[in-house]
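Asks: A structural model of the following input is requested.
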Amino acid sequence: MKTIINSPKAPAPVGPYNHSVLANGTLYMSGQIAINHAEGKLITDTIEAETHQVMKNIGYILDEAGMTYENIVKCSVFVSDMEMYGRINDVYASYFNDDTAPARELVEVANLPKYVNVEISCIAIK
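Replies: Below you'll find the model as predicted:
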């Protein structure tokens, strides 16, 4: 059995998918990019602002599922330029406690949806 979980605070999916699927206590979240749902605007002024918006969108979906960032066990981070690693990492790290930070990979890719600089997906458990 699976439950579809979408948040009205996060931007609508840009394709045929949902924000997340909850199955057997595990939340599988689709990749999030830096669209500010309230303004309907892509946030790409700085990589820090972009990463914060991505993490906020993840937070909205977690909240809708009754979870927090502490429930995340795994993140996949996709970036358009590895030179931004440190700046992205600084923002990303601010959302987690060092003792409970999730497992993660961060990889550079040729392109991302809407030509953003960072996309993050995650898995969380209740």
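Asks: Residue 34: neighbouring residues, count only.
Replies: For residue 34, the neighbour count with other Cβ atoms under 10 Å is 26. Quick note: C-beta positions are derived from backbone N, CA and C, even for glycine.
Asks: give me phi/psi at the residue nearest to it when sequence neighbours are not counted?
Replies: Nearest non-adjacent residue to residue 34, counting by Cβ to Cβ, 6 or more residues apart in numbering: residue 53, 3.8 Å away. Here is the backbone geometry of residue 53 (degrees, to the nearest 10): phi -60, psi -40.
Asks: Residue 53 and residue 35 touch, don't they?
Replies: Yes. Using Cβ atoms under 8 Å, residue 53 is in contact with residue 35, at 7.3 Å.
Asks: Neighbour count for the two, which is higher?
Replies: Under the neighbour definition other Cβ under 10 Å, residue 53 and residue 35 were set side by side, and residue 53 has more, 25 against 21.
Asks: where exactly do the helices run in this structure?
Replies: 47-64, 85-93 (DSSP state H).
Asks: Rebuild those helices as JSON lines, extending it with mean pLDDT.
Replies: As requested, the helices of the chain are exported to JSON lines (pLDDT from 0 to 100):
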{"stretch": "helix 47-64", "mean pLDDT": "98"}
{"stretch": "helix 85-93", "mean pLDDT": "97"}
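Asks: just checking, which of those sits deepest inside the structure?
Replies: Comparing the helices of the chain by mean neighbour count (mean count of other Cβ atoms under 10 Å), helix 47-64 comes out on top with a mean of 20.
Asks: In terms of secondary structure, what does it contact?
Replies: The contact analysis (3 or more Cβ pairs under 8 Å, 6 or more residues apart in numbering; DSSP states H and E) places helix 47-64 against strand 26-32, strand 35-36, helix 85-93, strand 118-125.
Asks: Out of these, which gets nearest to residue 58?
Replies: strand 26-32 (5.3 Å; Cβ to Cβ).
Asks: distance between the closest one and the chain's centre?
Replies: 8 Å (Cα atoms, centre = their mean, to the nearest Å).
Asks: Name the surrounding residues that touch it.
Replies: Identification of contacts with strand 26-32 by Cβ atoms under 8 Å, 6 or more residues apart in numbering yields 5, 10, 13, 17-22, 54, 57-58, 61-62, 65, 67, 71, 76, 78, 113, 119-126.
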